[in-house]
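Visitor: Provide a 3D model corresponding to the input given below.
(2 chains)
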Amino acid sequence: MEDLVSVDNLTFSRGDRLIYQDISLRLRKGKTTAIMGPSGIGKTTLLKLIGGQLRPDSGDIRFKGESIPGMGRKRLFEVRRQMSMLFQSGALFTDISVFDNVAYPLREHTNLSEQLIRLLVLMKLQAVGLRGAAAMMPSELSGGMARRAALARAIALDPELIMYDEPFAGQDPISMGVLVKLIKELNDALSLTSVVVTHDVTEVMSIADYVYILADKQIIGEGTPEQIRSHQSPLVQQFLLGRADGPVPFHYPAENIAQQLLENY
Amino acid sequence: MEWFARLGRSTLQGLAGLGRAAYLLVGALVARPQLKNIPLTIRQMYVVGVQSLLIIIVSGAFIGMVLALQAYTVLVDYGAEESLGPMVALSLLRELGPVVTALLFAGRAGSALTAEIGLMKATEQLSSLEMMAVDPLRRIIAPRLWAGVISMPMLAIIFSAVGILGGQVVGVDWLGVDSGSYWSVMQAAVEFDEDIMNGVIKSLVFAFVVTWIAVFRGYDSVPTSEGISQATTQTVVYSSLAVLGLDFVLTALMFGTH
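Guide: Numbering: from 1, shown residues only, chains lettered A, B, ... in the order given. Okay, here's the model as predicted:
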């Protein structure tokens, strides 16, 4: 199977804090890849590295075989037209309507007539079920609708790669179900390559073709959802089953409690 | 030794900040100007310019009135109240117009620019532009920078004009200075190049510096509520200090040789 994106021996640190140490992963063309892991380990950072917004300390990231950190700004902007990213907050432009938000990349990067743009925007909005909300402002949308509107904007230019940053975070069960269905359907219908960064295990296991589990700066497990479910590592199992205590301890490292309580007596 | 290390660290941080500010400026200005950006700039001129008109006009009127009142009480002792016109006009055109407009602009429009751009950063709108292969320096920063640079000199001229009218209301209509001498002595004393153009040049320099500080503080802010409030404060403080400092330098260059 062909790889759309390959990450090789990537090391990245922010200030003095090491985020990734020597990780490698690939996103296979036409498939949905999930990257899971506890909060606060920099999963979003990985997407920003793939998008070329950050540069790795060492290692390489290739998009269709071409090195992203090695690209000049101009080439990077050309390549970014083939990828798109759904941000956690949706990141809709708050000063323009839903319709104009979806039309934005089309107006920016194509010379299509307004008539044609209108058709395309309505089709994209129909795909996410928000054609009726075209005239609304982003502030009038619920959280789930905002994310769907952002999704319509993300697919406006028919990208090859779409990156979802925590698409399920803070969603009620219904909009969660809607998003799961949309990610699956869009991936199949538009033959996209999708990568979903999340910590919602059940949702993503139902749609992913391949799963990576990140923890402790490294990839601690990978495989198809079935392989992951029967994974040997106790850390992977703790994460999947949501146990409070295990290899990831319940208590943040601290000195002995008896000692600390008695300190001032 | 501790203070020495701290001195070094803050010097390096300051220099790095200057570098980032220069990078932002180059990215926003040197980039090929795009026709698409003209409507965006006009929209921003409405926000930072037209919406600042009220505060500029009201402040201009009151400053002109106070100026006339204060000057009259001094001038009348020497029987020189016909010099009230040039006194008011020159103070406004050379000094108060550009400086007070810049200070008001920093508080009214500069802080708003910083907060707006900081919030765009916090809500990932800037990142999402980048990922859409749209350069935020061109689409967000450049129109705001140009709008500020174009609007502020116009505001300064309006400020001075309203101030001169305010001076007339107090000096001529209330205190009884002769209307003919207020205007004609003013006309004889005010030079176009020397006074009006130098004021406009001052105002252009202030406009550039204040807007630059405002957009940079927003773009460089820490994207949290605390970070944005800090950036907004810094915009007002730094712009005010920069305006007052630069005013001295410019005044010395323009009028100091006589």
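
Visitor: neighbours around residue 156, how many?
Guide: Answering for chain A, as no chain was given. By other CB atoms under 10 Å in any protein chain shown, 26 other residues sit near A:A156. For the C-beta atoms, the positions are set from N, CA and C on the backbone; glycine is no exception.

Visitor: you looked at the wrong chain, it should be chain B
Guide: Using other CB under 10 Å: B:A156 sits among 30 other residues.

Visitor: also A:S24?
Guide: Neighbourhood size, A:S24 [other CB under 10 Å]: 14.

Visitor: same check, this time on B:Q234
Guide: Number of residues near B:Q234 (other CB under 10 Å) recorded here: 18.

Visitor: got it, and A:R229?
Guide: A:R229: 15 surrounding residues under other CB under 10 Å.

Visitor: quick check: closest non-adjacent residue to it.
Guide: Spatial nearest neighbour of A:R229, chain neighbours left out: A:L240 (6.8 Å); criterion: CB to CB, 6 or more residues apart in numbering or on different chains.

Visitor: wouldn't the one you found be in contact with A:Q227 here?
Guide: No. Checked against CB atoms under 8 Å, the pair A:L240 and A:Q227 is beyond contact range at 11.9 Å.

Visitor: between these two, which is the more surrounded one?
Guide: Counted by other CB under 10 Å, A:L240 and A:Q227 do not tie: A:L240 has more neighbours, with 18 against 12.

Visitor: in terms of helices and strands, where is the more buried one?
Guide: Taking DSSP states H and E as the criterion, A:L240 maps to helix A:234-241.

Visitor: quick one: mean pLDDT over that helix.
Guide: Average pLDDT, helix A:234-241: 81.

Visitor: over to stretch A:2-22?
Guide: Average pLDDT, stretch A:2-22: 86.

Visitor: so that stretch, near chain B or not?
Guide: No. Legend: contact between stretch A:2-22 and chain B by CB under 8 Å from any CB of the partner chain is lacking; minimum distance shown is 13.1 Å.

Visitor: that stretch: end-to-end distance?
Guide: One end of stretch A:2-22 sits 22 Å from the other (CA to CA, to the nearest Å).

Visitor: what does that stretch contact?
Guide: A:23-29, A:41-42, A:45-46, A:49-50, A:54, A:56-64, A:160-161, A:193, A:195, A:217-218 (CB atoms under 8 Å, 6 or more residues apart in numbering or on different chains).

Visitor: closest to the centroid, which residue in chain B?
Guide: Taking CA atoms, centre = their mean, the centroid of chain B lies closest to B:A102, which sits 2.4 Å from it.

Visitor: need the three-state assignment for that one.
Guide: Under DSSP: H, G, I helix; E, B strand; the rest coil, B:A102 falls in the helix class.

Visitor: find the nearest non-adjacent residue to it, please.
Guide: Residue nearest to B:A102 in three dimensions, not counting chain neighbours: B:F206, with 3.8 Å by CB to CB, 6+ apart.

Visitor: number of nearby residues for B:L18?
Guide: 11.

Visitor: what strand or helix carries it?
Guide: With DSSP H and E as the criterion, the answer for B:L18 is helix B:2-29.

Visitor: got the buried residues for the helix or strand that that helix is followed by?
Guide: Sequence-wise, the next helix or strand downstream of helix B:2-29 (DSSP H and E) is helix B:37-48. With burial defined by 16 or more other CB atoms under 10 Å in any protein chain shown, the residues of helix B:37-48 counted as buried are B:N37, B:L40, B:T41, B:Q44, B:M45, B:V47, B:V48.

Visitor: what's across from A:Y210 in the sheet?
Guide: A:T33 (DSSP bridges).

Visitor: please tell me how far it sits from A:V197.
Guide: A:Y210 is 14 Å from A:V197, where distance means CB to CB, to the nearest Å.

Visitor: now A:K124: phi and psi?
Guide: With angles defined as degrees, to the nearest 10, A:K124 sits at phi -60, psi -40.

Visitor: how deep is it tucked in, by neighbour count?
Guide: 23.

Visitor: and the helices in the chain?
Guide: All of this is about chain A. Under the criterion DSSP state H, chain A contains helices at A:43-50, A:73-80, A:98-109, A:114-127, A:143-154, A:173-189, A:201-207, A:225-229, A:234-241, A:257-262.

Visitor: hmm, no, I was thinking of chain B.
Guide: Using DSSP H, the helices found in chain B span residues B:2-29, B:37-48, B:53-75, B:84-90, B:97-105, B:111-122, B:125-131, B:136, B:142-168, B:179-189, B:198-219, B:225-255.

Visitor: just for the chain, where's the confidence low?
Guide: Assuming you mean chain A. A:1 (pLDDT under 70).

Visitor: please refer instead to chain B.
Guide: B:31-34, B:258.

Visitor: can you list the residues of it near chain A?
Guide: Within reach of chain A by CB under 8 Å from any CB, chain B has these residues: B:T123, B:E124, B:Q125, B:S127, B:S128, B:E130, B:M131, B:M132, B:A133, B:V134, B:D135.

Visitor: just curious, which of those is nearest to A:G223?
Guide: Nearest to A:G223, judged by CB to CB, of the residues of chain B next to chain A is B:M131 at 29.1 Å.

Visitor: check contacts around the closest one.
Guide: Contact partners of B:M131, counting by CB under 8 Å, 6+ apart, are A:G51, A:Q53, A:R80, A:M83, A:S84, A:M85.

Visitor: what subset of these is buried?
Guide: For the contacts of B:M131, a neighbour count by 16+ other CB under 10 Å gives the buried set as A:G51, A:R80, A:M83, A:S84, A:M85.

Visitor: my guess is the last one contacts A:L47. True?
Guide: Just to be clear, that refers to A:M85. Yes. If you go by CB under 8 Å, A:M85 and A:L47 touch, sitting 6.2 Å apart.

Visitor: overlap in contacts, the two.
Guide: If you check A:M85 and A:L47 against CB under 8 Å, 6+ apart, the residues they both contact are A:M163, A:D165.

Visitor: how about the residues of the stretch 51-200 of chain A by chain B?
Guide: A:51, A:53, A:77-78, A:80-81, A:83-85, A:87-89, A:91-94, A:104-105, A:108-109.

Visitor: can you rerun that using 10 Å?
Guide: Neighbours of chain B within the stretch 51-200 of chain A, by CB under 10 Å from any CB of the partner chain: A:51-53, A:73, A:76-95, A:104-105, A:107-109, A:138, A:150, A:153-154, A:156-157, A:159, A:163, A:165.

Visitor: OK, now which residue of the stretch 101-250 of chain A is nearest to chain B?
Guide: Relative to chain B, the nearest point of the stretch 101-250 of chain A is A:P105 (5.1 Å; CB to the nearest CB).

Visitor: tell me how many other residues crowd that residue.
Guide: Neighbours of A:P105 under the rule other CB under 10 Å: 22.

Visitor: the residue nearest to A:L120 when sequence neighbours are not counted: neighbour count?
Guide: Nearest residue to A:L120, sequence neighbours excluded (CB to CB, 6+ apart): A:L106, at 6.1 Å. Using other CB under 10 Å, A:L106 has 20 other residues around it.

Visitor: which residues does A:L106 contact?
Guide: Counting by CB atoms under 10 Å, 6 or more residues apart in numbering or on different chains, A:L106 touches A:L112, A:E114, A:L116, A:I117, A:R118, A:L120, A:V121, A:K124, A:R153, A:A156, A:L157.

Visitor: hmm, back to that, ok, the residue nearest to A:R229 touching A:G221?
Guide: Yes. With contact defined as CB atoms under 10 Å, A:L240 reaches A:G221; the gap is 9.3 Å.

Visitor: A:T32 touches A:N187, doesn't it?
Guide: Yes. With contact defined as CB under 10 Å, A:T32 reaches A:N187; the gap is 5.2 Å.
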